[in-house]
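K.L.:
no FASTA, just this:
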């Protein structure tokens, strides 16, 4: 696919400096870009790298334009323009609007206009699929599930019964929505764990993206709810009855225990652990590898754990941590407290 720089500038409403006839065949990083490609200067601290770029054009801020040796597009938000430009070159195959002959669709399932169903997919009784929904090969759509218009499921997604997904959502391969939450209670008479049935479902808002291998459990006492515009990375675990507010983004391998509530516009880093029944207010950022063991009631940036150290220093530090309690007791004694 080839576009002229003028085409891109006009489509995105950006100021162009240089020839509008410059041909752009794709995008690439600053270091990897070649002739015919468009790259991006995200940070003015990297301005000196412009001199060696092989790209045909660069998206950058006005303040950096004077140092650019090639054509450029001016934007004060180059990272946002990256998303917009990339969409022009996206080669993801579109749905074909067909139902594959090997798919199994229940007679009472409702399929809107232009629905695509891939090979080997199963759609159970009472399911409702809005117009333009795409179901990838090997997907399983459980009884009474509802999918809003324009939502796309990539191959091998599993929806248990009574899962509702809004419009224009994306669910990547291998995600499982609506499996039983982890609920058991020890029965002393039977000397075993009694299973607590998870009788509620999963509710997903509009414009949500769910990464590959992510799991969202159904609720026991209330639905698990994911708000509009939420973005979940790959291999995120969302426990039963959890509520995630609108436009929150959660990075890969984060685990959220049941009955937690996370506010809107939060950023949760990778491999964060959030214990059960935690409440996190709006606009909170939790950095990677943190353990959230208590509720967060004030917006801001939070971290836990220790930073990376050479192993020999870290081992000495661990010994020091184990001695802190005794050191504090001696300090209080010296201070007469």
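P.N.:
The structure has been received and is ready for your questions. None of these values were measured; they are calculated from a predicted model.
K.L.:
contacts for stretch 56-73 next, please.
P.N.:
5, 8-9, 12, 14-19, 22-24, 30, 35-41, 44, 47-48, 50-51, 53, 55, 74-76, 78, 81-82, 85 (Cβ atoms under 8 Å, 6 or more residues apart in numbering). In short, each C-beta sits where N, CA and C put it, glycine included.
K.L.:
among these, which ones are in strands?
P.N.:
Members of the contacts of stretch 56-73 lying in strands (criterion: DSSP state E): 15-17, 23-24, 37-40, 74.
K.L.:
gap between stretch 212-227 and the chain center?
P.N.:
The chain centre lies 15 Å from the centre of stretch 212-227; the measure is Cα atoms, centre = their mean, to the nearest Å.
K.L.:
pull up the distance across that stretch, start to finish.
P.N.:
19 Å (Cα to Cα, to the nearest Å).
K.L.:
now it: buried residues?
P.N.:
212-220, 223-227 (16 or more other Cβ atoms under 10 Å).
K.L.:
so can I have TSV of these showing secondary structure and pLDDT?
P.N.:
TSV is the format used below for these (DSSP: H, G, I helix; E, B strand; the rest coil; pLDDT from 0 to 100):
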residue	secondary structure	pLDDT
212	coil	98
213	coil	98
214	coil	98
215	strand	98
216	strand	98
217	coil	98
218	coil	98
219	coil	96
220	coil	95
223	coil	98
224	strand	98
225	strand	98
226	strand	98
227	coil	98
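K.L.:
quickly check these for the two that are furthest apart.
P.N.:
Using Cβ to Cβ, the buried residues of stretch 212-227 span at most 26.3 Å, a distance reached by 212 and 220.
K.L.:
so which residue is smack in the middle of the chain?
P.N.:
The centroid of the chain falls nearest to residue 232 when counting by Cα atoms, centre = their mean (2.5 Å).
K.L.:
which pLDDT value goes with residue 285?
P.N.:
Predicted confidence (pLDDT) for residue 285: 98.
K.L.:
so who does it touch?
P.N.:
266-269, 300-302.
K.L.:
what do you get for residue 6?
P.N.:
For residue 6, the contact set (Cβ under 8 Å, 6+ apart) comprises 16, 20-22.
K.L.:
can you tell me which of the residues you listed is closest to residue 292?
P.N.:
Closest to residue 292, out of all of these and judged by Cβ to Cβ, is residue 16, at 45.9 Å.
K.L.:
what bridges to that closest one?
P.N.:
Legend: beta-bridge partners of residue 16 under DSSP bridges are residue 73.
K.L.:
tally of neighbours for it?
P.N.:
Residue 16 is flanked by 18 other residues according to other Cβ atoms under 10 Å.
K.L.:
check residue 87 too.
P.N.:
Residue 87, neighbours per other Cβ under 10 Å, totals 10.
K.L.:
so it sits in a helix?
P.N.:
Yes. Under the criterion used here (DSSP: H, G, I helix; E, B strand; the rest coil), residue 87 sits inside a helix.
K.L.:
which parts of this protein belong to which domain?
P.N.:
Domain assignment for the chain by automatic domain parsing gives 3-88, 157-302, 311-337.
K.L.:
picking that back up, show me which of the contacts of residue 6 are buried.
P.N.:
Among the contacts of residue 6, those classed as buried by 16+ other Cβ under 10 Å are 16, 22.
K.L.:
farthest pair in the contacts of residue 6?
P.N.:
Largest pairwise distance in the contacts of residue 6, by Cβ to Cβ, is 10.7 Å, between 16 and 21.
K.L.:
between the two, which contacts overlap?
P.N.:
5-6.
K.L.:
show the low-confidence segments of this protein, by residue range.
P.N.:
Residues of the chain that meet the criterion pLDDT under 70 lie in 337.
K.L.:
before we move on, back to that, including distance to residue 126, could the domains of the chain go into a markdown table?
P.N.:
Converted to a markdown table, the domains of the chain look like this (distance: least, Cβ to Cβ, whole Å):
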| stretch | distance to residue 126 |
| --- | --- |
| domain 3-88 | 35 |
| domain 157-302 | 9 |
| domain 311-337 | 56 |
